[in-house]
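*Asks:* Give me a 3D structure for the following:
(4 chains)
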2 protein chains.
Amino acid sequence: MAPRLVTDIQLVDRLTGLFRQVGYDGASLGAIAAATGLQKSSLYHRFPGGKQQMAAEASASVIQEFAGSVLAPVGSEAPLHERVTAIAANLDGFYDGGARYCLLDMLSVGDPGVDAASNLAAAAMAWISVFATLAREAGADEATARARAQDAIAAIEGALVVSRVTGDRSAFTRAIDGLAERLLGASGS
Amino acid sequence: MAPRLVTDIQLVDRLTGLFRQVGYDGASLGAIAAATGLQKSSLYHRFPGGKQQMAAEASASVIQEFAGSVLAPVGSEAPLHERVTAIAANLDGFYDGGARYCLLDMLSVGDPGVDAASNLAAAAMAWISVFATLAREAGADEATARARAQDAIAAIEGALVVSRVTGDRSAFTRAIDGLAERLLGASGS
DNA sequence: GTCTATACGACGATAGAC
DNA sequence: GTCTATCGTCGTATAGAC
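*Replies:* Numbering: from 1, shown residues only, chains lettered A, B, ... in the order given. You can find the predicted model right below:
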């Protein structure tokens, strides 16, 4: 067997990056081949399930990156407010200040298949769950915590839409800067 | 000339509905023909510029509908808080409680052409402008008003993304119910 | 103005050599 | 494991009859 020109991790990362830029339908196999450096037939060797499997694995990798990196500070020993601030900084980096879009949005337009769709739903739920945990630590009851979590995520997702349409990223910056207040309540930590 | 089987208004309305459902790339000419009741060649007679012109006119019609109907209460004689409440009710209907998506999001994924893109940007700016006007009436300074307007729109757009991905529309309902507070400030009207 | 029929390229996906 | 070459389909868009 010939050596792999691209590692699995590199491959999925490049897939994720492309899907985030142009969406599912916009990422043609030709564009995927160009972005990954592999020919179409090589991609089918790696992903026998075709483009839908690529979307499924790309979305699965985002769950990993989110839980294991972006949202990781939730479980640290730092004070509540510091953990939220750390997550906010991670989110700002992950979305590059609003310049990079979210896979939840970009991949859910079109028909990426049931696997990718359920992965996206699971990723969103997990994100909500982490944010809700932080809100609960701030003293909110279960329902309020879930509401604050969803609203904080919606603020970010919506700001990314506004950014994509108008080119104005200031709403995204405000969504990040206001994360702690939105999650923990106006009173602060 | 044979009589028109579908009026211009019906045609653009059906186009808009389809684009909102499946996005630009998802709306193939076959699907457009099925949704409008016209054959592909008839569509090219109405829209010589092809699919991109269809997207451009669909997006242009949304500006009209938003300014002339959904956001119309902004200019009424009613008290400020009542006008915002009326707009919130209109938005709830326009998005059907979060079940119908926003053209700003769905049409900006893919390549709908420069005309549609600039129409979407103009629609977003107009929406922001109307919301900012309401915030200013509540006493906010220019910068604060614009920020509140963008954030209120982002809350709605983001809630629609969350709705699409998770199927949970509660975030949308909260975005609508909280519109007045978000726009006019926590103190109310 | 709408239709049937068609051109032609791009799409996702596969076959088979190396 | 990767490649070149190709398949069949569906994409957008056109031609021309009525």
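*Asks:* switch to C-alpha atoms for all contacts and neighbour counts from now on
*Replies:* Noted.
*Asks:* Chain B contacts on chain A?
*Replies:* Within chain A, the positions near chain B by CA under 8 Å from any CA of the partner chain are A:22-23, A:25-26, A:104-106, A:108-110, A:117, A:120-121, A:124-125, A:147, A:150-151, A:153-159, A:161-162, A:164-166, A:171, A:175.
*Asks:* what about 6 Å?
*Replies:* For chain A, the residues in contact with chain B under the definition CA under 6 Å from any CA of the partner chain are A:26, A:110, A:121, A:154, A:155, A:157, A:158, A:159, A:165, A:166.
*Asks:* Could you work out the most separated pair of those residues?
*Replies:* A:121 and A:166 (26.9 Å; CA to CA).
*Asks:* Have a look at the two and say which one is more surrounded.
*Replies:* When neighbours are counted by other CA atoms under 10 Å in any protein chain shown, residue A:121 comes out ahead of the other of residue A:121 and residue A:166, with 21 against 18.
*Asks:* where does the nearest residue to the more buried one once chain neighbours are set aside sit relative to residue B:99, distance-wise?
*Replies:* Spatially, and ignoring its direct neighbours in sequence, residue A:121 is nearest to residue B:166 (5.0 Å; CA to CA, 6 or more residues apart in numbering or on different chains). Distance, residue B:166 to residue B:99, by CA to CA, to the nearest Å: 12 Å.
*Asks:* hang on, isn't the residue nearest to residue A:121 packed against residue A:122?
*Replies:* No - proximity of residue B:166 to residue A:122 does not meet the contact threshold set by CA atoms under 6 Å, at 8.0 Å.
*Asks:* burial count for residue A:9?
*Replies:* Residue A:9 sits with 10 neighbouring residues when counted by other CA under 10 Å.
*Asks:* mind listing the helices for chain A?
*Replies:* Ranges of helices within chain A are A:8-26, A:29-36, A:40-46, A:50-65, A:80-94, A:103-106, A:114-137, A:142-166, A:170-177, A:179-184, based on DSSP state H.
*Asks:* now for the shortest one, which elements pack on it?
*Replies:* Helix A:103-106 is packed against helix A:8-26, with contacts defined by 3 or more CA pairs under 6 Å, 6 or more residues apart in numbering or on different chains; DSSP states H and E.
*Asks:* Going by neighbour count, which residues in the helix it packs on are buried?
*Replies:* By neighbour count, and taking 16 or more other CA atoms under 10 Å in any protein chain shown as the criterion, the buried residues in helix A:8-26 are A:11-26.
*Asks:* quick check, nearest of those to residue B:87?
*Replies:* Looking at these and their distance to residue B:87, the nearest is residue A:23, at 31.8 Å (CA to CA).
*Asks:* Pull out the buried positions in stretch A:28-44.
*Replies:* Under the neighbour-count rule (16+ other CA under 10 Å), stretch A:28-44 has A:29, A:32, A:33, A:36, A:38, A:40, A:43 buried.
*Asks:* Fine by me, thanks again.
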